[in-house]
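Asks: fold the following.
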Amino acid sequence: SSPSSSSPSSSSPSSSPSPKRNRIWKEEIFGPVLAVASFVSEAEAIALANDSEYGLGGAVLTEDPERRRRVAAELECGIVWSNCSQACFYQAPWGGVKNSGYGRELGEWGLRSFLVEKQVTEYVSKERWGWYPDSKL
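Replies: Modelled structure (predicted):
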(Lines give C-alpha, C1' and ligand atoms only; values in the text may rest on other atoms or scores of the structure.)
Protein backbone atom coordinates (compact mmCIF):
# COMPACT_ATOMS: atom_id res chain seq x y z
CA SER A 1 0.00 0.00 0.00
CA SER A 2 1.14 3.56 -0.59
CA PRO A 3 1.88 5.97 2.23
CA SER A 4 -0.86 8.36 3.24
CA SER A 5 -0.62 11.78 1.66
CA SER A 6 -0.66 13.29 5.15
CA SER A 7 2.36 11.34 6.42
CA PRO A 8 5.47 13.45 7.13
CA SER A 9 7.57 11.44 4.69
CA SER A 10 5.30 12.27 1.77
CA SER A 11 4.38 15.88 2.49
CA SER A 12 6.22 18.50 0.49
CA PRO A 13 7.49 21.73 2.01
CA SER A 14 5.03 23.74 -0.04
CA SER A 15 2.04 21.75 1.26
CA SER A 16 3.14 21.74 4.91
CA PRO A 17 1.63 24.31 7.25
CA SER A 18 3.98 27.20 7.94
CA PRO A 19 5.86 26.77 11.21
CA LYS A 20 5.35 30.51 11.74
CA ARG A 21 1.73 29.78 12.69
CA ASN A 22 2.65 27.21 15.32
CA ARG A 23 3.00 28.42 18.90
CA ILE A 24 5.85 25.99 19.56
CA TRP A 25 7.87 27.65 16.79
CA LYS A 26 7.52 31.14 18.26
CA GLU A 27 8.04 30.55 21.98
CA GLU A 28 11.14 29.74 23.96
CA ILE A 29 10.39 26.32 25.37
CA PHE A 30 12.48 24.10 27.60
CA GLY A 31 12.21 20.38 28.02
CA PRO A 32 12.37 17.29 25.90
CA VAL A 33 10.77 18.99 22.89
CA LEU A 34 11.96 19.33 19.32
CA ALA A 35 10.32 21.69 16.84
CA VAL A 36 10.91 20.48 13.28
CA ALA A 37 10.09 22.11 9.96
CA SER A 38 11.04 21.33 6.40
CA PHE A 39 12.74 23.87 4.17
CA VAL A 40 13.78 24.10 0.56
CA SER A 41 16.95 26.19 0.75
CA GLU A 42 19.63 27.15 3.23
CA ALA A 43 18.39 30.75 3.12
CA GLU A 44 14.87 29.62 4.01
CA ALA A 45 16.17 27.50 6.90
CA ILE A 46 18.09 30.46 8.30
CA ALA A 47 15.09 32.77 7.90
CA LEU A 48 12.83 30.26 9.70
CA ALA A 49 15.32 29.85 12.52
CA ASN A 50 15.79 33.60 12.97
CA ASP A 51 12.08 34.45 12.79
CA SER A 52 11.68 34.54 16.55
CA GLU A 53 11.90 37.08 19.31
CA TYR A 54 14.13 34.61 21.15
CA GLY A 55 17.69 33.48 20.50
CA LEU A 56 19.25 31.30 23.17
CA GLY A 57 20.67 28.45 21.13
CA GLY A 58 20.55 26.57 17.86
CA ALA A 59 22.24 23.65 16.19
CA VAL A 60 23.61 23.04 12.70
CA LEU A 61 23.82 19.42 11.61
CA THR A 62 25.55 18.81 8.29
CA GLU A 63 28.56 16.97 6.91
CA ASP A 64 29.65 20.10 5.03
CA PRO A 65 32.06 22.07 7.28
CA GLU A 66 31.78 25.26 5.21
CA ARG A 67 27.97 25.15 5.44
CA ARG A 68 28.22 24.63 9.22
CA ARG A 69 30.38 27.74 9.59
CA ARG A 70 28.23 29.80 7.23
CA VAL A 71 24.91 28.87 8.85
CA ALA A 72 26.28 29.21 12.40
CA ALA A 73 27.43 32.74 11.57
CA GLU A 74 23.96 33.67 10.28
CA LEU A 75 21.93 32.25 13.16
CA GLU A 76 20.70 34.94 15.56
CA CYS A 77 21.40 33.16 18.83
CA GLY A 78 23.97 33.24 21.60
CA ILE A 79 25.01 29.58 21.35
CA VAL A 80 25.36 27.41 18.25
CA TRP A 81 26.11 23.70 18.49
CA SER A 82 27.83 22.29 15.41
CA ASN A 83 27.05 18.62 14.78
CA CYS A 84 26.19 18.20 18.46
CA SER A 85 23.58 19.48 20.85
CA GLN A 86 23.69 21.07 24.26
CA ALA A 87 27.34 20.55 25.06
CA CYS A 88 28.22 22.97 27.87
CA PHE A 89 31.71 23.93 28.96
CA TYR A 90 32.32 26.14 31.98
CA GLN A 91 35.11 27.94 30.10
CA ALA A 92 32.77 29.04 27.27
CA PRO A 93 30.26 31.90 27.33
CA TRP A 94 26.60 30.92 27.84
CA GLY A 95 23.76 33.28 27.04
CA GLY A 96 21.26 34.36 24.45
CA VAL A 97 20.28 37.33 22.33
CA LYS A 98 16.99 39.07 21.63
CA ASN A 99 14.48 38.19 24.41
CA SER A 100 16.61 35.27 25.55
CA GLY A 101 18.75 37.44 27.72
CA TYR A 102 21.54 39.91 27.87
CA GLY A 103 25.08 39.21 28.95
CA ARG A 104 26.86 35.93 29.45
CA GLU A 105 27.36 33.37 32.18
CA LEU A 106 30.33 31.03 32.60
CA GLY A 107 33.95 31.64 31.71
CA GLU A 108 35.62 35.02 31.96
CA TRP A 109 32.58 36.57 30.21
CA GLY A 110 30.35 35.52 33.07
CA LEU A 111 32.74 36.85 35.70
CA ARG A 112 32.71 40.28 34.04
CA SER A 113 29.04 40.73 34.92
CA PHE A 114 29.99 40.60 38.62
CA LEU A 115 32.68 43.27 38.29
CA VAL A 116 32.39 47.03 38.45
CA GLU A 117 35.08 48.73 36.45
CA LYS A 118 36.17 52.25 37.21
CA GLN A 119 38.38 54.66 35.33
CA VAL A 120 40.74 56.77 37.44
CA THR A 121 42.81 59.39 35.58
CA GLU A 122 45.67 61.24 37.24
CA TYR A 123 47.32 64.30 35.73
CA VAL A 124 51.07 63.81 36.20
CA SER A 125 52.65 66.51 34.05
CA LYS A 126 54.64 69.35 35.66
CA GLU A 127 53.08 71.71 33.11
CA ARG A 128 49.93 73.65 33.95
CA TRP A 129 46.88 71.84 32.63
CA GLY A 130 45.28 74.99 31.32
CA TRP A 131 41.73 73.83 30.88
CA TYR A 132 40.46 76.18 33.57
CA PRO A 133 42.09 79.64 33.37
CA ASP A 134 41.61 80.51 37.07
CA SER A 135 42.66 77.12 38.38
CA LYS A 136 45.96 76.29 40.05
CA LEU A 137 46.08 73.07 37.98
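
Asks: look up how far A92 lies from G107.
Replies: 6 Å (C-beta to C-beta, to the nearest Å). Where you see a C-beta, it was placed from the backbone N, CA and C, and this is true even at glycine.

Asks: now swap in A43 and tell me
Replies: 28 Å.

Asks: can you check V124 too?
Replies: 41 Å.

Asks: more neighbours, the two?
Replies: Remark: of V124 and A92, A92 carries more neighbours, 13 against 5, as counted by other C-beta atoms under 10 Å.

Asks: that one: which element?
Replies: Assigned by DSSP states H and E, A92 belongs to no helix or strand.

Asks: all helices for this structure, in order.
Replies: For the chain, applying DSSP state H gives helices covering 23-26, 42-50, 65-74, 107-112.

Asks: winner for burial among these?
Replies: With neighbours taken as mean count of other C-beta atoms under 10 Å, the helices of the chain reach their highest mean count in helix 42-50, at a mean of 15.

Asks: ok now it, how far from the chain's centre?
Replies: Distance, stretch centre to chain centre, for helix 42-50: 14 Å (C-alpha atoms, centre = their mean, to the nearest Å).

Asks: that's all I had, so thanks and see you.
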